[in-house]
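*Asks:* take this sequence and fold it.
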Amino acid sequence: MKWQQAITDYKHYLQIERGLSKNSIENYSYDIKKMISYLEDHSINVSPITIDNTIIKTFIYSVSKSLNPRSQARLISGLRNFFDYLIFENYRSTNPVDLIESPRIGRKLPDTLSIEDIDNLINAIDLSYQYNGVNLGERNRAIIETLYSCGLRVSELIGLKVSDLFFEEGFIKVTGKGDKQRFVPISPSTQNYITIWITIRNHIEVQPDSKDVLFLNYKGKQLTRAMIFTIIKKLVKTTGLKKTVSPHTFRHSFATHLLENGADLRAIQMMLGHESITTTEIYMHVDRSHLSEVLNKFHPRK
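*Replies:* Sure, this is the predicted structure:
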């Protein structure tokens, strides 16, 4: 496969599969073209299939001097998405960008969604939406419900397996960072939405490497992180919500709502899979009015 063909196919994928605008597609392909120019300038003869981690590291280092940390992170993310696509299409088996760390750009907590925001987003899902005969509307509802009601990271969501569901016990098994596993409670309503999706999933021709994966695309393959972002982006646009919403926003909202309703911080830490409770404390940005309510309600000398 040659670079130009890879870019053309990738842009087609971004348009058809992810529904991105023309400007967004050009922005995605810009980073790849920048790397191709570097390869040509340095007479490095590799293809999208044979390029390795060392070459990409050298390229990133060469351009990093003229980029701020945020731009460097965007560049690395753009390249990672491209090679994820090549893996998705079975052109590669590994992503040469996976071991390249993005620079630290400071942590900004996402906006928190209200219960009303979440209800509006879920109600905006077209449950009749089908593609190639597969009802993806029911799948999308199960995805959003699971993200919020279980507080999952996007990587944990797409890695969730059918065999990880323990509905009789009321839990799901989640594999988090460092392959550490934890059990997270799951509500009966979310169980119901997942069960509806599983009924649909049972009629899909599942690819061999995705036999146990819970959430699939219409081809019977595991979903990518990018597809989850796309689903959420479309819902935000449909509802007209004026907030920056990502999969992590649902996780943050899950934890914040639990804390505001009196949940124990240690229990939230366990459900989120945070190794240190300090991380959980930083993660929760409870407003001052709520803290005042807690003090007035529970302090013996109020």
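*Asks:* report the contact partners of the closest residue to Thr256 other than its chain neighbours.
*Replies:* The shortest distance from Thr256 to any non-neighbouring residue, by C-beta to C-beta, 6 or more residues apart in numbering, is to Thr112 (5.1 Å). Using the backbone N, CA and C atoms, a C-beta is placed for each residue, glycine as well. Residues near Thr112 by C-beta atoms under 8 Å, 6 or more residues apart in numbering: Thr249, His252, Ser253, Thr256, His285.
*Asks:* run the last query once more with 7 Å
*Replies:* Contacts here follow C-beta atoms under 7 Å, 6 or more residues apart in numbering; on that basis Thr112 touches His252, Ser253, Thr256.
*Asks:* likewise for Ile200?
*Replies:* Contacts of Ile200 by C-beta under 7 Å, 6+ apart are Val134, Asn135, Glu138, Arg139.
*Asks:* from Gly133, how far out is the closest residue to the second one other than its chain neighbours?
*Replies:* Going back to what we said before, that points to Asn135. Spatially, and ignoring its direct neighbours in sequence, Asn135 is nearest to Ile200 (5.1 Å; C-beta to C-beta, 6+ apart). Separation of Ile200 from Gly133 (C-beta to C-beta, to the nearest Å) stands at 10 Å.
*Asks:* returning to that earlier point: could you check the pLDDT of the residue nearest to Asn135?
*Replies:* On pLDDT, Ile200 comes in at 96.
*Asks:* how much space between it and Ile144?
*Replies:* Relative to Ile144, and taking C-beta to C-beta, Ile200 is found at 16 Å.
*Asks:* quick one: the helices in the protein?
*Replies:* 3-16, 22-41, 53-64, 69-88, 115-123, 136-150, 154-158, 188-201, 225-239, 247-260, 265-272, 277-283, 288-298 (DSSP state H).
*Asks:* got a markdown table for those, with distance to Asp179 too?
*Replies:* Shown next, in a markdown table, are the helices of the chain (distance: least, C-beta to C-beta, whole Å):
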| stretch | distance to Asp179 |
| --- | --- |
| helix 3-16 | 29 |
| helix 22-41 | 30 |
| helix 53-64 | 21 |
| helix 69-88 | 19 |
| helix 115-123 | 30 |
| helix 136-150 | 18 |
| helix 154-158 | 11 |
| helix 188-201 | 23 |
| helix 225-239 | 17 |
| helix 247-260 | 19 |
| helix 265-272 | 16 |
| helix 277-283 | 18 |
| helix 288-298 | 35 |
